[in-house]
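# give me the fold of what follows.
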Amino acid sequence: MRERKRKPLVLLQILSALLLLFLTGCESSPPQQKAENTVCRLAYTAKGYYAPQFLASRKGWFEAKGVTVQDVPLGMSAGVAGAEALVSGSADVAVMGDVPALIALASNRDCVLVAAYGGGEKMHSIIASEKAGITKPADLVGKRLGVQFGSSTHGAVYLYLEHNGIAPASVKLVNMPQKDLIEGLQSNSIDALAASEPTPTLALKKVPGAYEVAVLSGLGNDYPLLLVASKAFAEAHPEAIRAIVAGTRKAVDWINADPDAAGAATAAVTGAPASVEADMFRKMDWKVRLDDQTLDSLNKTAAFLHSIGKLKQIPDVKAHSRPDFLQP
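Sure thing, here's the model as predicted:
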């Protein structure tokens, strides 16, 4: 009889213990963790061409929900460093000129063209020394013209000479890194230089008597500056790519609205005079786009690079383009 009375009591105690254990477990369970932000590694070199990206980074204009843009600064290295960072996998997105972009698009790593944001027909110029005696295109025949081989300026020189009926072989083209061109002009080891901004502007300031022979415009090429991304990253994280585009737009708008202020902020990064950076901003065209002119320009440069053996195969630029990332 006593045994029967004890059974309900024991059962009640067991149920109470189980309930207490359940409630204690609920209270001690860790809070649910928030999803981590997508990290997008953005590579750029510390030059005025890439100001929209490093200005946007410093201004916080890449901020977007669920996205963290991580800078991969490449110092003052050559423009192709951006392509190398992207192709090697050390960056997810990189900014670069047209030649490095074509190299990246033709590489074994599948990359996509996101947008052009700068460039312009006035990007490249020919500057002559005081005693060069070059006043018209024909005067370049037999003269020593310094230019970095395999660059977009190199292609622009060929277009310029052919446009004016001059055989490129009749001009003594001297292969020089762009950073050495001004010194070459100062030492008279070349008669003239061909380069992209800001080298022409700096040459006019640094070399006594130097003068502008021509701006390499009107040749059907606007030499775009480009945002290129890993295809795998872009497809997996479109929100990160759109954050990069949105921040670049804000920086481009600032450059167009106040080139002096943007030039001063850029000079703090590049070390160039603020006036030179501002002059470069005014000389070039700044607009986020991915239009037919951009693709045509890239195809022209690609054909030239292929003709001189710099590019083994011409990438299908249109097939690699992703204009959908430009939509808000």
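# excluding covalently adjacent residues, which one is nearest to residue 314?
residue 302 (4.6 Å; Cβ to Cβ, 6 or more residues apart in numbering). Every residue, glycine included, has its C-beta placed from N, CA and C.
# can I assume the one you found is in contact with residue 320?
No - with contact defined as Cβ atoms under 8 Å, residue 302 does not reach residue 320; the gap is 11.3 Å.
# buried sites along stretch 273-289?
Under the neighbour-count criterion of 16 or more other Cβ atoms under 10 Å, stretch 273-289 has 273-274, 276-281, 283-289 buried.
# give me the buried positions along whichever strand or helix holds the residue nearest to residue 314.
Using DSSP states H and E, the element containing residue 302 is helix 292-307. Of all the residues in helix 292-307, those buried under the rule 16+ other Cβ under 10 Å are 294, 295, 297, 298, 299, 300, 301, 302, 304, 305.
# number of residues surrounding the nearest residue to the second one once chain neighbours are set aside?
Meaning residue 295. Distance criterion Cβ to Cβ, 6+ apart; nearest residue to residue 295, sequence neighbours excluded, is residue 317 at 5.2 Å. Residue 317 has 20 neighbours, counted by other Cβ atoms under 10 Å.
# phi, psi for residue 317 please.
phi -60, psi -40 (degrees, to the nearest 10).
# SS state for the residue nearest the centre of the chain?
Computing the C-alpha centroid of the chain and ranking residues by Cα atoms, centre = their mean puts residue 95 first, at 1.6 Å. Counting by DSSP: H, G, I helix; E, B strand; the rest coil, the backbone at residue 95 sits in strand.
# can you give me the strands in the stretch 101-250 of the chain?
Under the criterion DSSP state E, counting those that start in this stretch, strands of the stretch 101-250 of the chain are mapped to 111-118, 124-128, 144-147, 172-175, 192-196, 211-215, 225-230.
# next, format those strands as CSV and append mean pLDDT.
Output for the strands of the stretch 101-250 of the chain, formatted as CSV (pLDDT from 0 to 100):
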stretch, mean pLDDT
strand 111-118, 98
strand 124-128, 96
strand 144-147, 97
strand 172-175, 96
strand 192-196, 96
strand 211-215, 96
strand 225-230, 97
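# figure out which of these is closest to residue 37.
strand 225-230 (17.5 Å; Cβ to Cβ).
# on that earlier part again, between the buried residues of stretch 273-289, which is closest to residue 213?
Using Cβ to Cβ, these come closest to residue 213 at residue 283, 16.0 Å.
# so for the helix holding residue 302, mean pLDDT?
For helix 292-307, mean pLDDT is 95.
# neighbours of residue 47, how many?
For residue 47, the tally of surrounding residues (other Cβ under 10 Å) stands at 23.
# could you do residue 99 as well?
Per other Cβ under 10 Å, the neighbour tally for residue 99 reads 26.
# who are the contact partners of the residue nearest to residue 295?
102, 105, 113, 295, 298, 299, 302 (Cβ atoms under 8 Å, 6 or more residues apart in numbering).
# any chance of the backbone angles for residue 84?
phi -60, psi -40.
# any idea which element residue 90 lies in?
Using DSSP H and E, residue 90 sits within no helix or strand.
# just say helix, strand or coil for the closest residue to it other than its chain neighbours.
Residue nearest to residue 90 in three dimensions, not counting chain neighbours: residue 72, with 6.6 Å by Cβ to Cβ, 6+ apart. The three-state label given to residue 72 by three-state DSSP is strand.
# quick one: pLDDT of residue 72?
95.
# repeat that for residue 151.
In the predicted model, residue 151 carries a pLDDT score of 88.
# contacting residues for it?
With Cβ under 8 Å, 6+ apart, residue 151 has these contacts: 99, 178, 196.
# turn those into TSV, including distance to residue 327.
Shown next, in TSV, are the contacts of residue 151 (distance: Cβ to Cβ, whole Å):
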residue	distance to residue 327
99	28
178	36
196	30
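# fine by me, we can end here.
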